[in-house]
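Trainee: Here is a sequence with its predicted model. Questions after.
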Number of protein chains: 2
Amino acid sequence: MNFSSKIVEQAVDEFAKLPGVGRKTAFRFVVHLLKKDRSELSAFAHSLLKLKEETRECKLCHNITETDICSICASPRRDRKTLMVVEDIRDMLAIESTEQFTGLYHLLGGVISPIDGIGPSDITAQHLMQRVQEEGFSELIMALRTTIEGDTTNFYLYKKLRRPGLKITTIARGVAIGGELEYADEITLGRSILHRLEYENTLTK
Amino acid sequence: MNFSSKIVEQAVDEFAKLPGVGRKTAFRFVVHLLKKDRSELSAFAHSLLKLKEETRECKLCHNITETDICSICASPRRDRKTLMVVEDIRDMLAIESTEQFTGLYHLLGGVISPIDGIGPSDITAQHLMQRVQEEGFSELIMALRTTIEGDTTNFYLYKKLRRPGLKITTIARGVAIGGELEYADEITLGRSILHRLEYENTLTK
């Protein structure tokens, strides 16, 4: 598209950098914004500036926060014996939204991926080891993605972190609730069979 | 989703106001931006601020521009006898991208829609009438959407603008090139039949 305005073009370029946004969609966003008041655009722009200027990583879990320690780490109601290891804030919020987990989190900020040049020192693995040593968790739940990189990271952390008295688990993988078996991929279905559960344990009490 | 940071939440709210963007997608955008440098976020924010502060409507066609007259209206290579009436900048760019039109544009900024309280005075209809009087066009091509509102606007403008020596046309509607007849809706297919063309006239010369 050949825009008659450089400023429109710049804004389209910026939106088109967002994941999953092509130039047509970006232009649709810009046309939408052009119809807004100056004050609304200013609010949008300032929320972007504040994203970097007024947020930081939680010193404990690496969640995004406006204070040194995030609200989850600071909460007296969280179980401080259980730590869930996740990749980033998106996975953390997905788990939070289940309301099934009351422990603490550790955000790795990525997974080990030699092919992309990402080693243990590029994620918060060292800090995780330090936390495990200092905070006395009784269980570590690994909730990384099930890719070669996720599995590599799981295995690396398991080797580094295993010690007497610390249970290391991973979240269950299987066919989704309501999912039809014929549409499940064979690896997922295979794992569902391999890690089958005692029926009695699945009954809601 | 329950964000632990108000600033993240604000940014998600802003993105979620964009057309077709839900809160999950908005959050995905924000997570993407959180990984960027301060300078990149600042460039994004400033491109938004400039959208309103440094652009204005072209005094002739109402296109978005940084100067009083947009580059299309100012171009000496455009045919100043033919005017294409479109709804907004998106439709204008769609037509520009065909490279089939070398005339000028007039952006109405909407269509007449009594149900939404949009009358002729809420769009640039009055200015269009003035331009037709002053600029001496020989043809007006209507390229509004084919809805009741678009048809109403076409009819209103036709009534107001028709005069001897001024040809008023609308762009052709029909089955898309490559489109299969069985999947075309009956109204489109019906119009294709009603406005059938001499085969000879469709041959590329």
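Mentor: Thanks, I have it.
Trainee: can stretch A:55-74 be found next to chain B?
Mentor: Yes: on the criterion Cβ under 8 Å from any Cβ of the partner chain, stretch A:55-74 is in touch with chain B at A:55, A:63-66, A:70-72. Just so you know, the C-beta spots here come from the backbone N, C-alpha and C atoms, and that holds for glycine as well.
Trainee: Save those residues as JSON lines, and put in pLDDT too.
Mentor: Converted to JSON lines, those look like this (pLDDT from 0 to 100):
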{"residue": "A:Thr55", "pLDDT": "90"}
{"residue": "A:Asn63", "pLDDT": "93"}
{"residue": "A:Ile64", "pLDDT": "91"}
{"residue": "A:Thr65", "pLDDT": "91"}
{"residue": "A:Glu66", "pLDDT": "90"}
{"residue": "A:Cys70", "pLDDT": "93"}
{"residue": "A:Ser71", "pLDDT": "92"}
{"residue": "A:Ile72", "pLDDT": "94"}
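Trainee: Need the max-distance pair from these.
Mentor: A:Thr55 and A:Ile72 (14.8 Å; Cβ to Cβ).
Trainee: quick one: contacts for A:Leu108?
Mentor: Listed by Cβ atoms under 8 Å, 6 or more residues apart in numbering or on different chains, the contact set of A:Leu108 reads A:62, A:85-88, A:123-125, A:128, A:144, A:153.
Trainee: Filter the residues you listed down to just the ones in strands.
Mentor: A:85-86 (DSSP state E).
Trainee: Now do the buried residues in stretch A:87-101.
Mentor: A:87-93, A:95-96, A:101 (16 or more other Cβ atoms under 10 Å in any protein chain shown).
Trainee: Throw these into JSON lines and include pLDDT and distance to A:Arg162, thanks.
Mentor: Listed next are those as JSON lines, based on pLDDT from 0 to 100; distance: Cβ to Cβ, whole Å:
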{"residue": "A:Glu87", "pLDDT": "93", "distance to A:Arg162": "21"}
{"residue": "A:Asp88", "pLDDT": "90", "distance to A:Arg162": "24"}
{"residue": "A:Ile89", "pLDDT": "91", "distance to A:Arg162": "27"}
{"residue": "A:Arg90", "pLDDT": "88", "distance to A:Arg162": "27"}
{"residue": "A:Asp91", "pLDDT": "90", "distance to A:Arg162": "23"}
{"residue": "A:Met92", "pLDDT": "91", "distance to A:Arg162": "23"}
{"residue": "A:Leu93", "pLDDT": "89", "distance to A:Arg162": "28"}
{"residue": "A:Ile95", "pLDDT": "89", "distance to A:Arg162": "23"}
{"residue": "A:Glu96", "pLDDT": "88", "distance to A:Arg162": "27"}
{"residue": "A:Phe101", "pLDDT": "90", "distance to A:Arg162": "22"}
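Trainee: which ones among those come in contact with chain B?
Mentor: Counting by Cβ under 8 Å from any Cβ, A:88-90, A:93, A:96 from the buried residues of stretch A:87-101 sit close to chain B.
Trainee: Just these: which are in helices?
Mentor: A:89-90, A:93, A:96 (DSSP state H).
Trainee: just curious, which of those residues is nearest to A:Leu203?
Mentor: A:Glu96 (25.7 Å).
Trainee: Wait, A:Leu18 touches B:Phe27, no?
Mentor: No: when contacts are counted by Cβ atoms under 8 Å, A:Leu18 is not listed as touching B:Phe27 (11.8 Å).
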